[in-house]
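S.K.: compute the structure for the input listed below.
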Amino acid sequence: MCQDTGIPIYNVVIGKNVEFDGTAMKEAIRRGCSRATTEHPLRSSVVHPLTRKNEQTSCGIGVPIINFDFDARDETVEIEMIRRAPASENGSFLQMLIPADGVKAIKRFVIDRVIDCGGRVCPPTIVGVGIGGTSDLCMHIAKVAATRPLGTTCSDPEGAKIEAELSEAVNELGIGPQDWRPFDLVPRSRRGCRHPHHDEPGGRQHPVPLGAPRQRGDHAGRHRFQVSGMGTKPSVVIPGRAEGASPESRAIRRSMPLWIPDSLASLAPRNDGERPRHDPPHPRNARHRSASPCAQDRRHRHPGETLFGVRDANLIAMFDKGRNTIFDMKGHAVVHTAPNVRKVPITNECPSGYEALCVGTTTSQRMERFTRPLMERCGVRIIIGKGGMGQATLDAFCDIGGAYLAVVGGAAALQTTWIEAIDEVDMDDLNPESIWRFRIRGFGPLLVTMDSHGGSTYDRVQGDAKSRRAAILASIGAGE
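M.R.: Prediction:
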């Protein structure tokens, strides 16, 4: 499960012979949403769209989103709450197709958008497709399709046919969870879509939302990942201490400590004639950089026990607004996260006054432009996240020496067990997007998916998917 409680969406269905005050119900839902955040350990993910101020209530302008509908059932009120992680919206697409293009255009649109999105979303992967109506209705029914019960299928023969074709085609692309491979993105045994003009009990009708089925969350655990193209051979990094680990994993831990750049050959800047080699700044020079946003005299734990949590808001504060952090990150790793935490009394177990409830990774692609300043100005050498990053990050790794370590998204409950404590917090006015100094224990396993030799698993998988596109489209009658 993800620590991101997302943008709250409430679907309210009202039956016959029900008396209710609509305004009072909306206010009650809003109060309940706020209380669930302030009185219970739900993380507030809602910020002002312009100032990005977080009121810590999960409420804002037009949020929570409340959808009302009606049906013929007697004395019935249903309230469904859906957590829509904001990062998932980065994988939302809308296109207005012309009738002359027909169903072929729909199929091409779905396949191309899955390729574009790659593995940025957390497994289990859901592809919800809405067709018809106005633009806002089409997007809404795509969300409805994505939250449909597993195992259901489209009752309309044409809709079921398209769904089956798209489910097969999506899996043939070879894009696995987090852009890994070589197994199904969407399990073939879990197909289903909503029916065009589907008559639900009570006469409710919806235009056609097609939903490719979900992938089981434990699917990744039953497969062996094949990672190649990373320098000379695949690398699996399992940082931290090795108590209780298998002999094989202990050997990996001993031979590949995470935080020491010189111990990982792939962290050396590339010097292959394609670009000049730039050695990492000498520590003496780094100490005297007045423009550096990272303090150089702060206490820090042994690198193998420390991990820093960063994300959009604190990176914007450091590199766009000139705020300095109290932490010395030189030689350390950062993880893209905004954890779900709870305030507690300060103790030896909780020295920062925060208890980690759920610590998981967020989509790294959003932080693309901050990789180089993190490395050049703060001395960071390793980035941990999900979904991979782009060419600018790969260039920084090649020029300076660094690597990207991938963790499976959606496994925050497991990742939280790798955190021993939150030792210290900086920029806490941005909570939950503060800068967190975690004390870690056995943080991993992680996969090296981008390195300083220009290797990128994500580029390889994307390239393979694009090379299959024409044949896949032809197989479902959507060739160009």
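S.K.: burial of the nearest residue to R372 once chain neighbours are set aside, as a residue count?
M.R.: Nearest in space to R372, with sequence neighbours left out and distances taken as CB to CB, 6 or more residues apart in numbering, is A396 at 4.2 Å. Bear in mind the C-beta positions are built from the backbone N, C-alpha and C, glycine included. Around A396 sit 23 other residues, with neighbours defined as other CB atoms under 10 Å.
S.K.: for A396, give me its contacts.
M.R.: Going by CB atoms under 8 Å, 6 or more residues apart in numbering, A396 touches T371, R372, M375, E376, G402.
S.K.: and the residues you listed, which are buried?
M.R.: Burial of these was assessed by neighbour count (16 or more other CB atoms under 10 Å); the buried members are T371, R372, M375, E376, G402.
S.K.: isn't the second one up against A392?
M.R.: Yes. Contact criterion CB atoms under 8 Å: R372 and A392 qualify, at 6.9 Å.
S.K.: find residues that contact each of those two.
M.R.: Jointly contacting R372 and A392 under the rule CB under 8 Å, 6+ apart is no residue at all.
S.K.: packing partners of the longest helix along the chain?
M.R.: Using DSSP state H, we find that the single longest helix of the chain is helix 457-475. For helix 457-475, the packing partners by 3 or more CB pairs under 8 Å, 6 or more residues apart in numbering; DSSP states H and E come out as helix 102-117, helix 157-172, strand 446-450.
S.K.: out of these, which one sits most buried?
M.R.: Using mean count of other CB atoms under 10 Å, the stretch among those with the largest mean neighbour count is strand 446-450, at a mean of 24.
S.K.: what's the angle from that strand to helix 457-475?
M.R.: Comparing the axes of strand 446-450 and helix 457-475 via axes from the mean of the first three to the mean of the last three CA atoms, to 10 degrees yields an angle of 80 degrees.
S.K.: average pLDDT across strand 446-450?
M.R.: Strand 446-450 carries an average pLDDT of 92.
S.K.: quick one: low-confidence residue ranges for the stretch 51-200 of the chain.
M.R.: 85-89, 177-200 (pLDDT under 70).
S.K.: and if we set it to 50?
M.R.: Applying pLDDT under 50 to the predicted model, the residue ranges of the stretch 51-200 of the chain that meet it are 182-200.
S.K.: partners of whatever helix or strand I422 lives in, with directions?
M.R.: Under the criterion of DSSP states H and E, I422 resides in strand 419-426. In the sheet containing strand 419-426, its partner strands are strand 435-440 (antiparallel), by DSSP bridges.
S.K.: list the contacts of the residue nearest the centre of the chain.
M.R.: For the chain, the residue whose C-alpha lies nearest the mean C-alpha position (CA atoms, centre = their mean) is T363; its distance is 3.6 Å. T363 makes contact with A87, N90, R120, V121, H336, G385, K386, G387, G409, according to CB under 8 Å, 6+ apart.
S.K.: now swap in H336 and tell me
M.R.: Counted by CB under 8 Å, 6+ apart, H336 has contacts G309, V310, R311, T361, T362, T363, S364, M367, I383, I384, G385, K386.
S.K.: rerun at 6 Å
M.R.: Under the criterion of CB atoms under 6 Å, 6 or more residues apart in numbering, the contact partners of H336 comprise R311, T361, T362, S364, M367, G385.
S.K.: what's the burial count for E420?
M.R.: 16.
S.K.: separation between it and I384?
M.R.: If you measure E420 against I384 using CB to CB, to the nearest Å, the figure is 16 Å.
S.K.: returning to what we had before: closest one of the buried ones among the contacts of A396 to H48?
M.R.: Of all the buried ones among the contacts of A396, the one sitting nearest H48 is T371; the distance, using CB to CB, is 26.5 Å.
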